[in-house]
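# Build me a model:
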Amino acid sequence: MDPISWRKHFFQTLALAIPVCLSNVGHIAVDLADNYFIGQLPEKTSGQAAVSLAGALYIMILVLLIGVSFGLTPIVAEANAQNKKDKIIAHLKHAFIQNISVAILLFILLMACAPMLRLTDKPPAITDLAVRYLNVMMLSMIPLSLFFTSKQFAEGMSNTKPAMFITIGANLLNIFLNWALVFGHLGFHRMGVMGACWATFISRCGMALVMVMYIYFAPRYRDYRSAFRYWSTRNTAEKLSWQPIKEQLKIGIPSGLMFVLEVAAFSVPTLFIPGTPQLAAHRISLGLAGMTYMISSGLGAAATIRVGHFLGLQDKIGLRRAGFSALFLALMFMFLSAITFIVFRFKLTSFFNNDPNVLKYAAPLLFIAAAFQLFDGAQVTVQGALRGLKDTIAPGFIAFFAYWIIGLPASWYFCTQMNLGVQGAWFGFILGLAAASFGFIWRFNRLSSLA
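Below you'll find the predicted structure:
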């Protein structure tokens, strides 16, 4: 059989990626909405600084949960290509047990770590608000574990649209609840900054409920409903076993640790970025850079699905083209994003906070973000392609070297020793992402040549 043309690869990748991209944008849009509504309060700068501090710890723990859930996708994609329904049922059943258990452990970890924010050198008013904010946000760990388990199953089945529509709906609910709770409309008590985190928590609970109900009730998944029967032992697929969990964790744990290494390189600098205005600027600009990252992450998810599919078919040419077509699309998008950040850096940042003391730091940060867009898009997309090959150990070492040996020390040095402040921390981001992108591309090129 002739290999699929490059043109078809581009279109098939886009068909899978666009719903995932919109779904991923929905997740970061929750933070952007929170940023916007907090930015309308009189205490906007201190509020955004506190949320930045709380978010730095929360996101480092959350991405470990998300990464562990990613272990399900390539397994389901490969089994679906081989029409192995019993294997899919077994892995979905165990994924719920595994991911809920991980979420509970991470919730306990966050409870223990939250008070440590008071040990930072930030003003007490900022740290106290950050701890209260984090105490609410950590409640969403368990509903998010249900959502991502269901989402990764659907994506492994090449069904990416439901998560997109559900996430869009959750964002609309979050915006409405922000309006009601932050400002005290419709008879609600005015909660200010804390209203934003409660709005996010409630919308995430709704998102999880609807996604799980879709997986259970959708006619296309009728054959997989036995995955929810934990008390039944009628056949091998319905029995509990360590083997599916081991297989998923073999992919999921290294993937999660890679996410932690990457996110920590962006979050840890929050601890040494000086001054409340710079911390608020960091929060705003990182949210905007996160938007473009999430779109490239959607292309990475499509690469995982398609590379895993061609791996199941033992199509060497197909899996290589699937990975590189996703990379090319990511580079095209991130190039356009870089131009947008440069041209509209003042308008974009002022939308979230018009305080001149914040804007003088936030706008230049988008200029720096433009410099690392291509690197950021490349590294997250090729990470996805490597997951499709079930290759996670070597990329983990690449991520550690890039972010913790190069990126994070550079951020600390430029920020504190060269007195460049928040801009210095972001210069370190460029070096870390560049090293990661080159390392991941080298790894995928080597493995796909040998596949």
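# What is the burial count for the closest residue to Phe346 other than its chain neighbours?
Leaving aside its chain neighbours, Phe346 sits nearest to Ala363 (4.9 Å; criterion: Cβ to Cβ, 6 or more residues apart in numbering). C-beta here means a position set from N, CA and C on the backbone, and glycine is covered the same way. When neighbours are defined as other Cβ atoms under 10 Å, Ala363 has 20 of them.
# Wait, Ala363 touches Lys347, no?
No - with contact defined as Cβ atoms under 8 Å, Ala363 does not count as touching Lys347 (9.2 Å).
# longest helix of this structure?
helix 276-312 (DSSP state H).
# Between helix 276-312 and the helix or strand following that helix, find me the angle.
Using DSSP states H and E, the helix or strand that follows helix 276-312 towards the C-terminus is helix 316-343. Calculated by axes from the mean of the first three to the mean of the last three Cα atoms, to 10 degrees, helix 316-343 forms an angle of 160 degrees with helix 276-312.
# Just the mean pLDDT for helix 316-343, thanks.
Here helix 316-343 scores 93 as its mean pLDDT.
# Likewise for stretch 111-124?
86.
# what sits up against it?
46, 49, 53-54, 57, 61, 127-128, 130-131, 134-135, 138, 271, 276, 279 (Cβ atoms under 8 Å, 6 or more residues apart in numbering).
# what about this structure, any weak spots by pLDDT?
Applying pLDDT under 70 to the chain picks out residues 1-2, 230-239, 450-451.
# What is the neighbour count of Met116?
11.
# Please apply the same query to Arg446.
Close neighbours of Arg446, defined as other Cβ under 10 Å, add up to 11.
# can you give me the offset of the helix or strand hosting it from its chain's centre?
Counting by DSSP H and E, the secondary-structure element that holds Arg446 is helix 421-450. Put simply, helix 421-450 sits 17 Å off its chain's centre (Cα atoms, centre = their mean, to the nearest Å).
# Remind me what it packs against, helices and strands.
Judged by 3 or more Cβ pairs under 8 Å, 6 or more residues apart in numbering; DSSP states H and E, the packing partners of helix 421-450 are helix 242-267, helix 276-312, helix 316-343, helix 356-388, helix 393-400, helix 408-412.
# For the next helix or strand after the third one, which helices and strands make contact with it?
So that's helix 316-343. For helix 316-343, the succeeding helix or strand toward the C-terminus, using DSSP H and E, is helix 345-350. For helix 345-350, the packing partners by 3+ Cβ pairs under 8 Å, 6+ apart come out as helix 276-312, helix 356-388.
# Deepest in the core, which of the helices and strands packed on helix 421-450 is it.
helix 276-312 (a mean of 27; mean count of other Cβ atoms under 10 Å).
# and the angle from that one to helix 421-450?
10 degrees.
# Show me the helices in the stretch 1-150 of the chain, by range?
6-38, 44-69, 72-81, 85-113, 124-137, 141-156 (DSSP state H, counting those that start in this stretch).
# Figure out which of those helices is closest to Phe440.
helix 44-69 (15.1 Å; Cβ to Cβ).
# what packs against that closest one?
Partner elements for helix 44-69 (3+ Cβ pairs under 8 Å, 6+ apart): helix 6-38, helix 85-113, helix 124-137, helix 141-156, helix 193-217, helix 242-267, helix 276-312, helix 356-388.
# and those helices as CSV, adding distance to Pro74?
As requested, the helices and strands packed on helix 44-69 are exported to CSV (distance: least, Cβ to Cβ, whole Å):
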stretch, distance to Pro74
helix 6-38, 14
helix 85-113, 11
helix 124-137, 29
helix 141-156, 7
helix 193-217, 18
helix 242-267, 6
helix 276-312, 4
helix 356-388, 5
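# do you know which of the ones you listed lies nearest Leu433?
Of all the helices and strands packed on helix 44-69, helix 356-388 sits nearest to Leu433, with 3.9 Å by Cβ to Cβ.
# gap between the closest one and the chain center?
Helix 356-388 has its C-alpha centroid displaced from the chain centroid by 14 Å (Cα atoms, centre = their mean).
# Report the angle between that helix and helix 6-38.
Using the same axes, to 10 degrees: helix 356-388 against helix 6-38 is 140 degrees.
# so helix 356-388 versus helix 44-69, what angle?
Between helix 356-388 and helix 44-69, the angle comes out at 0 degrees (the same axes, to 10 degrees).
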